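K.L.:
what's the 3D shape of this:
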Amino acid sequence: MHKFIVTLILLNMFSVFLAADEVRTLVITPSGYETQINKVGGSVTVISSEEITNSGHQTVSEILNMVPGIHSVSTGFGGTVSLFSRGHDSDMTKIMLDGVDLNDPSAFGTTAVLSTLMLNNISRIEIVRGPQSLISGADAMGGVINIITNKSITENSVSATTGSNSTHSATVKIGTKQNDFKVNLNLSKFQTKGINVRTAGNIDDDGFDQTSMNLAVNRDFNDVRVKFNYKNQAGRVEYDESTSQARPIYADNDYIFLNTGIDYEYSPNTLLSIEYNKSDFDRRDNGQWGSTNYFSKVEMLKGKSKIIHNGNIVLVGIETKSEQYLGTYAPPNKNSVSEQSFIIQNEFNNQNTSILAGLRFDNHEAYGNYTTFKASLNHPIEDVPGLIVKASIGTGFRAPTLGELYGQFNANQSLQPEESLGYEFGFINYLSSKLDFGSTYFKSEIEDAITYGSPTYYNAGGISEREGIETYINIYPYDNFSLKVNHTHLTTDEKVYVRRPNNKLSSSANYKLDDQIDIFGSLLVVEDHYDVGSVKIDSFQVLDAGINYAPNKSTILKFKINNLTNERYEQISGYPGLPRQIFLELFKNF
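P.N.:
Have a look, this model is predicted:
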């Protein structure tokens with residue numbers, strides 16, 4: 001705790017932050033259409049491509065740890081990830097890739113894809129905290145994370161990385177325009193021998209390797225835009241299952257994500273869209289006691305219209321969704337469910353004030369009808385230039401999984417969705433082009449929690465609460481210097497809601513020395529907290545640093561050190577965090 005306080009004091013003495021361009025940043029995840037981030041009534045964070053490049057991180061789950069309100073823990077590189085948004089359980093946050101649902105029907109907790117999703121072709125990440133079921137449907141009680149891939153047609157590049165633990169990677173990016181077709185292709189390979197992911201047991205390194213491909217094709221036909229996005233990633237993760245193992249333990253993963261659709265600009269004030277999404281999950285675990293197969297699929301068809309009229313932006317949407325779960329432990333009698341949804345939302349803008357309200361109606365094959373709502377306010381204070389007050393209230397739900405409803409173990413077909421009522425209020429003060437800061441209070445009340453029990457799962461009675469405050473400050477005194485600092489304070493019981501610290505601070509810095517040299521770094525500080533069984537997780541600080549050197553406009557040489565001080569720490573009891581690692585990367589643009 002003393003280390004945590006010292007770090008807070010030091011950061012307050014020396015901290016300075018990021019660009020005022022974020023005021024003009026457009027986001028699509030909160031409302032279903034492009035909105036200026038400073039007009040949104042809820043809490044939104046955008047991780048830009050520049051921040052991704054300068055972070056030194058390799059996976060999406062690592063960089064998400066730098067976002068206020070988000071805490072991500074892992075059992076090792078490529079291992080199981082649990083992600084907690086504002087203290088919500090790991091299965092209460094929806095994760096999407098280009099709008100495609102990544103939540104695996106066969107998985108427990110956070111989608112298994114997150115642990116192996118690399119940053120090499122990610123252009124930005126939008127994180128919306130608080131209940132977001134109005135636009136995103138089930139599993140969005142804690143928020144939504146939308147990971148957006150690179151679709152640039154101007155970038156043609158190759159990059160290669162080598163470093164500690166026999167880590168090697170290579171990426172090829174090709175962008176082109178042919179006969180009005182805009183094409184982006186990304187091919188990458190990553191492999192590492194890793195570390196021994198358990199403090200007790202086999203003394204062996206647990207490696208990870210993966211190959212991935214992204215393809216984006218777009219074409220505009222006057223008022224019509226056609227889009228096609230495809231991603232495939234396949235690899236192997238080694239892990240330790242117990243203290244003694246008689247055979248190699250690993251999991252093979254093969255995931256496919258497809259997003260295709262048409263946008264039609266019917267008039268300057270009317271946009272019509274139709275979209276088809278598909279997620280295929282193929283996981284094969286080779287464990288100590290044998291092999292286990294998990295196959296699942298999610299398909300969605302979405303239609304929506306956006307109409308602008310007299311200061312109102314009206315969004316009307318219909319969706320149909322189906323889930324299927326096959327494999328070793330798949331439900332024996334019923335392995336699929338479907339649902340239909342209807343959405344209506346209105347955003348009213350009066351001068352600079354924005355008020356948004358909407359309803360969502362879901363009809364689920366298993367548990368019937370369900371209704372959610374959301375309302376938010378964004379209001380600038382005229383007497384205080386730059387000051388914006390924000391507030392939102394909404395409901396969210398988590399639908400029972402196929403395994404919980406119809407599975408082979410402890411299934412209960414009478415389960416109802418978990419429900420939440422969440423609200424928040426706060427402010428942002430864009431004090432000047434060199435300083436902005438803000439703070440948000442949030443609270444969520446959850447009932448009908450789906451609980452594992454004997455003989456079946458059941459909806460628990462009573463209400464559980466998640467409550468806290470998120471605070472940030474940005475100071476940018478010079479065009480070539482920036483630093484981000486944010487702090488999250490939760491008031492939940494750490495022994496009940498394990499792996500969620502009451503205090504967490506993160507910061508990231510960038511200093512552009514000249515046209516050739518760019519220095520960057522980040523710091524993550526986590527207060528002591530508890531794991532399952534009241535096992536204490538000690539506080540820790542992880543410092544990363546690196547430097548970019550550009551000898552010419554087309555070449556960048558990056559040197560980075562992760563965990564600079566070689567801090568020994570655990571995120572999950574019995575699983576050590578990564579030690580000091582050194583990497584060298586060469587990037588060449590053509």
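K.L.:
what's near enough to touch the residue nearest the centre of the chain?
P.N.:
Taking C-alpha atoms, centre = their mean, the centroid of the chain lies closest to Ile145, which sits 3.8 Å from it. Contacts for Ile145 (C-beta atoms under 8 Å, 6 or more residues apart in numbering) come out as 64, 83, 85, 93-96, 125-128. Backbone N, C-alpha and C define where each C-beta goes, glycine included.
K.L.:
pLDDT score for it?
P.N.:
The model reports Ile145 with a pLDDT of 95.
K.L.:
can you list the contacts of Ile145 in a markdown table and add secondary structure?
P.N.:
Listed next are the contacts of Ile145 as a markdown table, based on DSSP: H, G, I helix; E, B strand; the rest coil:
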| residue | secondary structure |
| --- | --- |
| Leu64 | helix |
| Leu83 | strand |
| Ser85 | strand |
| Thr93 | strand |
| Lys94 | strand |
| Ile95 | strand |
| Met96 | strand |
| Ile125 | strand |
| Glu126 | strand |
| Ile127 | strand |
| Val128 | strand |
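K.L.:
whichever strand or helix holds the residue nearest to the centre of the chain pairs with which strands?
P.N.:
Assigned by DSSP states H and E, Ile145 belongs to strand 143-149. Strand pairing for strand 143-149, determined by DSSP bridges: strand 93-97 (parallel), strand 122-129 (antiparallel).
K.L.:
comparing the ones you listed, which comes out most buried?
P.N.:
Mean neighbours per residue, mean count of other C-beta atoms under 10 Å, is largest over the strands paired with strand 143-149 for strand 93-97, with a mean of 26.
K.L.:
residues in contact with it: which ones?
P.N.:
For strand 93-97, contacts defined as C-beta under 8 Å, 6+ apart pick out 83-85, 101-103, 110-111, 113-114, 117, 132, 136-147, 149, 231, 257.
K.L.:
quick check: mean pLDDT of that strand?
P.N.:
93.
K.L.:
next one: stretch 573-590
P.N.:
In this model, stretch 573-590 carries a mean pLDDT of 94.
K.L.:
same check, this time on stretch 232-241
P.N.:
In the prediction, stretch 232-241 has an average pLDDT of 89.
K.L.:
re earlier: what comes up buried for the next helix or strand after the strand holding Ile145?
P.N.:
Next in sequence after strand 143-149, counting helices and strands by DSSP H and E, comes strand 157-163. Neighbour-count burial for strand 157-163, with 16 or more other C-beta atoms under 10 Å as criterion, is recorded at 157, 159, 161, 163.
K.L.:
just confirm the last one contacts Gln581, I think it does.
P.N.:
Which is Gly163. Yes. If you go by C-beta atoms under 8 Å, Gly163 and Gln581 touch, sitting 6.1 Å apart.
K.L.:
strands along the stretch 351-500 of the chain, start to end?
P.N.:
353-364, 368-380, 387-398, 418-432, 435-447, 450-451, 458-459, 463-478, 481-490 (DSSP state E, counting those that start in this stretch).
K.L.:
for this structure, give me the ranges with low pLDDT.
P.N.:
Filtered on pLDDT under 70, the chain yields the residue ranges 1-24, 109-110, 200-202, 242-246.
K.L.:
mind naming the longest strand for it?
P.N.:
Assignment by DSSP state E gives strand 290-309 as the longest strand of the chain.
K.L.:
and it, what does it pack onto?
P.N.:
strand 270-287, strand 312-327 (3 or more C-beta pairs under 8 Å, 6 or more residues apart in numbering; DSSP states H and E).
K.L.:
list the buried residues of stretch 539-549.
P.N.:
Going by neighbour count (16+ other C-beta under 10 Å), the buried part of stretch 539-549 is 539-548.
K.L.:
closest to Arg225 out of those residues?
P.N.:
Asn548 (34.8 Å; C-beta to C-beta).
K.L.:
surely the closest one is in a strand?
P.N.:
Yes. Counting by three-state DSSP, one finds Asn548 located in a strand.
K.L.:
name the nearest residue to it, ignoring sequence neighbours.
P.N.:
Asp518 (4.1 Å; C-beta to C-beta, 6 or more residues apart in numbering).
K.L.:
which residues touch the one you found?
P.N.:
54, 510-512, 547-550.
K.L.:
just the element for it, please.
P.N.:
Counting by DSSP H and E, Asp518 is part of strand 517-526.
K.L.:
sheet partners, orientation included, of that strand?
P.N.:
Sheet pairing of strand 517-526 (DSSP bridges) gives strand 503-512 (antiparallel), strand 540-552 (antiparallel).
K.L.:
of all the ones you listed, which one is nearest Ala375?
P.N.:
Between Ala375 and these, the shortest gap by C-beta to C-beta is with strand 503-512, which sits at 28.9 Å.
K.L.:
contacts for the closest one, please.
P.N.:
4, 7-8, 11, 15-16, 51, 54-55, 65-68, 71, 480-490, 518-527.
K.L.:
just the buried residues of the residues you listed.
P.N.:
Burial by neighbour count, judged by 16+ other C-beta under 10 Å, picks out 4, 7, 11, 16, 51, 54-55, 65-68, 71, 481-490, 518, 520-527 from those.
K.L.:
any idea how far apart the tips of stretch 490-506 sit?
P.N.:
Distance between the two ends of stretch 490-506: 15 Å, counting by C-alpha to C-alpha, to the nearest Å.
K.L.:
buried ones in it?
P.N.:
490, 492, 494, 497-506.
K.L.:
please apply the same query to stretch 106-126.
P.N.:
106-107, 110-122, 124-126.
K.L.:
could I get stretch 163-176 in CSV with only the CA atoms?
P.N.:
Below are the C-alpha coordinates for stretch 163-176, written out as CSV (Å, rounded to 0.1, in the frame of the first residue of the first chain):
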residue,chain,number,x,y,z
GLY,A,163,13.1,-10.9,-28.0
SER,A,164,13.1,-12.7,-24.6
ASN,A,165,11.8,-16.2,-24.1
SER,A,166,12.5,-17.0,-27.8
THR,A,167,9.7,-14.7,-28.9
HIS,A,168,9.5,-14.0,-32.6
SER,A,169,6.9,-12.5,-34.8
ALA,A,170,6.4,-11.2,-38.3
THR,A,171,3.6,-9.2,-40.0
VAL,A,172,2.9,-8.3,-43.6
LYS,A,173,0.3,-5.6,-44.4
ILE,A,174,-0.9,-4.9,-47.9
GLY,A,175,-3.3,-2.1,-48.8
THR,A,176,-4.5,-1.3,-52.3
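K.L.:
identify each buried residue in it, please.
P.N.:
163-165, 167, 169-171, 173-175.
K.L.:
return the member of the residues you listed nearest to Gly235.
P.N.:
Ser169 (12.0 Å).
K.L.:
got a list of what Ser338 touches?
P.N.:
320-323, 365.
K.L.:
the same query, at a cut-off of 6 Å, please.
P.N.:
Shown in contact with Ser338 (C-beta atoms under 6 Å, 6 or more residues apart in numbering): 322, 365.
K.L.:
looks to me like it is in a strand.
P.N.:
Yes. Membership of Ser338 in a strand is supported by three-state DSSP.
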